[in-house]
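> For reference, the sequence and a predicted model appear below.
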Amino acid sequence: MDITGGVAFVELYDHQVEPARTLPGVLAAVPETEEESPFALGDGQFLRAFTATPGFCLLK
């Protein structure tokens, strides 16, 4: 997870992409491609909602 200029960049597992799209404050939720792992971009509201989801934990 990185926060730059008020925008959070969150790496996701494949199963988290669709639920992330429904959270408030999400700017984009991108599925896995050949070049990128799945990720989401969002504001502070998204970050608070994402961390409140069941099973959330920081891995690093």
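Everything's here; your move.
> Quick check: buried residues in stretch 15-27?
For stretch 15-27, the neighbour count (16 or more other Cβ atoms under 10 Å) marks 16-17, 20, 23, 26 as buried. (Glycine included, C-beta is placed from N, CA and C.)
> Cross those residues against strands and list the overlap.
Counting by DSSP state E, the part of the buried residues of stretch 15-27 found in strands is residue 26.
> Now do the helices in the chain.
17-21, 44-51 (DSSP state H).
> Out of those helices, which is closest to residue 5?
helix 44-51 (11.9 Å; Cβ to Cβ).
> what packs against that closest one?
Counting contacts by 3 or more Cβ pairs under 8 Å, 6 or more residues apart in numbering; DSSP states H and E, helix 44-51 packs against strand 7-11, strand 39-42.
> I'd like to know which of those strands has the weakest mean confidence.
Mean pLDDT per stretch puts strand 7-11 lowest among the helices and strands packed on helix 44-51, at a mean of 92.
> Which elements pack onto it?
Here strand 7-11 touches strand 2-4, strand 39-42, helix 44-51, going by 3+ Cβ pairs under 8 Å, 6+ apart.
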